[in-house]
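In: Build me a structure from this.
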Amino acid sequence: MESQDESAPLSNEPLYNPHLLQRLDMAKCKTRFDPPISPNQPGEGLIMRPLCPADYDKGFVQLLCQLTKVGEVSRNQFLRRYATMKECPNTYYVTVIEDMTTSQIVASATLVVEQKFIHDCAVRGRLEDVVVSDDYRGKQLGKLIITVVTLLAQHLNCYKITLDCKDTMIPFYSRLGYKLEPCSSNYMQIRFENS
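Out: Residues are numbered from 1 along each chain as shown. As a prediction, this is how the structure comes out:
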């Protein structure tokens, strides 16, 4: 990818087909939201969608800094990494929630789909990089984005979805249906019935 003018507007091309989010069956979800929210209505002024290049200017990298050490990611580095992910169709599903009133990314989670030979050449999902902005905690956005990514993994016919988390997060993920694997530290999973 060529070097880009730092002031040029970035594309809104989604990393994956946004219709996938609209096709998710929230009735399959055991998690309840009070007040009710969904991928189509995550809250007033909020929109859930796939990551796009323009999200660099909407604070996506800064949001990740609330989760872990990110480093100094330049616009060009971000665009190159985005292009690399985009070139691997059916692998990376970075989902974000944007506050349309501030044009800022306020939550994000990544589903990585791994191609396997086991289970008749099945695919498995991995939940990564879940983060909600400190300013948006308590609005059920973490619960929603994890539920949506989990349903997305099931919709994509993953036989299971897994994650690793900190000790303090085990009760939270347990309430969302993830089970701690015996003899593991913080490896949790959901196996889907269709597997």
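
In: Now do the longest strand along the chain: which elements does it pack against?
Out: Identified as the longest strand of the chain according to DSSP state E is strand 104-115. Secondary structure elements in contact with strand 104-115, counted by 3 or more CB pairs under 8 Å, 6 or more residues apart in numbering; DSSP states H and E, are helix 60-64, strand 92-99, strand 123-132, helix 141-155. C-beta: built from backbone N, CA, C; applies to glycine.

In: So which of the ones you listed is nearest S38?
Out: helix 141-155 (7.6 Å; CB to CB).

In: between that closest one and strand 123-132, what angle do the directions make?
Out: Between helix 141-155 and strand 123-132, the angle comes out at 170 degrees (axes from the mean of the first three to the mean of the last three CA atoms, to 10 degrees).

In: Could you give the separation of helix 141-155 from the chain centroid?
Out: The chain centroid and the centroid of helix 141-155 are separated by 8 Å under CA atoms, centre = their mean, to the nearest Å.

In: Contacts for the helix or strand following it next, please.
Out: Next helix or strand after helix 141-155 toward the C-terminus (DSSP states H and E): strand 158-164. Outside of strand 158-164, the residues within contact range by CB atoms under 8 Å, 6 or more residues apart in numbering are 111, 113, 119, 122-128, 130, 149-150, 153-154, 173, 178, 186-192, 194-195.

In: can you list the helices and strands packed on strand 104-115 in TSV and add distance to D167?
Out: TSV is the format used below for those (distance: least, CB to CB, whole Å):
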stretch	distance to D167
helix 60-64	21
strand 92-99	25
strand 123-132	16
helix 141-155	17
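
In: For I37, which of these is the nearest?
Out: Of all the helices and strands packed on strand 104-115, helix 141-155 comes closest under CB to CB, at 5.6 Å.

In: The closest one to strand 92-99, inter-axis angle?
Out: Going by the same axes, to 10 degrees, helix 141-155 makes 150 degrees with strand 92-99.
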